[in-house]
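*Asks:* Whatever this is, show me its structure:
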Amino acid sequence: ANNKYFVIPAAMIDDPDSYKYILPIFTFLQCRRGSDYRCMTNFKTLMAICGYDTSSRSNIKRHMPEIRECLFKLRDDGYIFQFCDELGFYPLADDDVLSMQSGDLFCIEINPLLSDDTSFGFVSMSVFDYGILYEELLSDESGVVYWKALAVYTFILKRMLKRKGYFKEDRD
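*Replies:* Modelled structure (predicted):
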């Protein structure tokens, strides 16, 4: 049952500052994590997950500091436990993460105590729905940046599930 849905904290959906980087990266990590709560990735992939073009060096250079800042914020907030090397064995220091290039692989270990925490409000998102949303927005030239569509979708999903007067069957 744990591989059908993943949890997004309501604080990320209610905070517009988290839409551009934090929300798409967190949902990517939640969806792609393994049974050991780890996900192997690189900075280019995280930029692409946020919907940014990674074909030009200037674009990569412009978004790298924000991606790093987002990862450190997720770690400081407790959602990420630690960063490890590409094999996932040795923890990386902050200086090691700051000195990494955009294509260097590393492993992100998610904190299982906070990533599935449902005590402060949450949205349960289907892995299937996430995959459809991601594929449609990246394959089609819709002109909508992925993080904007993800923010709107999760906002509607949160409000729809909390609305009074609707039966569970009517929420679809």
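*Asks:* And the helices in this protein?
*Replies:* For the chain, applying DSSP state H gives helices covering 10-14, 22-32, 43-49, 57-76, 94-98, 112-115, 127-139, 146-162.
*Asks:* For the first one, enumerate the helices and strands it packs against.
*Replies:* Translated: helix 10-14. In terms of contacts (3 or more Cβ pairs under 8 Å, 6 or more residues apart in numbering; DSSP states H and E), helix 10-14 is packed against helix 22-32, strand 122-126, helix 146-162. (Glycine included, C-beta is placed from N, CA and C.)
*Asks:* Same question for the fifth one.
*Replies:* Helix 94-98 is packed against helix 57-76, with contacts defined by 3+ Cβ pairs under 8 Å, 6+ apart.
*Asks:* Same check on the second one?
*Replies:* Under the contact criterion of 3+ Cβ pairs under 8 Å, 6+ apart, the helices and strands touching helix 22-32 comprise strand 5-9, helix 10-14, strand 38-41, helix 43-49, helix 57-76, strand 106-110, helix 127-139, helix 146-162.
*Asks:* quick check: angle from that helix to strand 106-110?
*Replies:* Orientation note: helix 22-32 sits at an angle of 90 degrees relative to strand 106-110 (axes from the mean of the first three to the mean of the last three Cα atoms, to 10 degrees).
*Asks:* one step back: would CSV of the helices and strands packed on helix 10-14 with distance to Ile80, mean neighbour count and mean pLDDT be doable?
*Replies:* Listed next are these as CSV, based on distance: least, Cβ to Cβ, whole Å; neighbours: other Cβ atoms under 10 Å; pLDDT from 0 to 100:
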stretch, distance to Ile80, mean neighbour count, mean pLDDT
helix 22-32, 8, 22, 90
strand 122-126, 17, 18, 82
helix 146-162, 19, 16, 80
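*Asks:* Right, I'll call it a day here.
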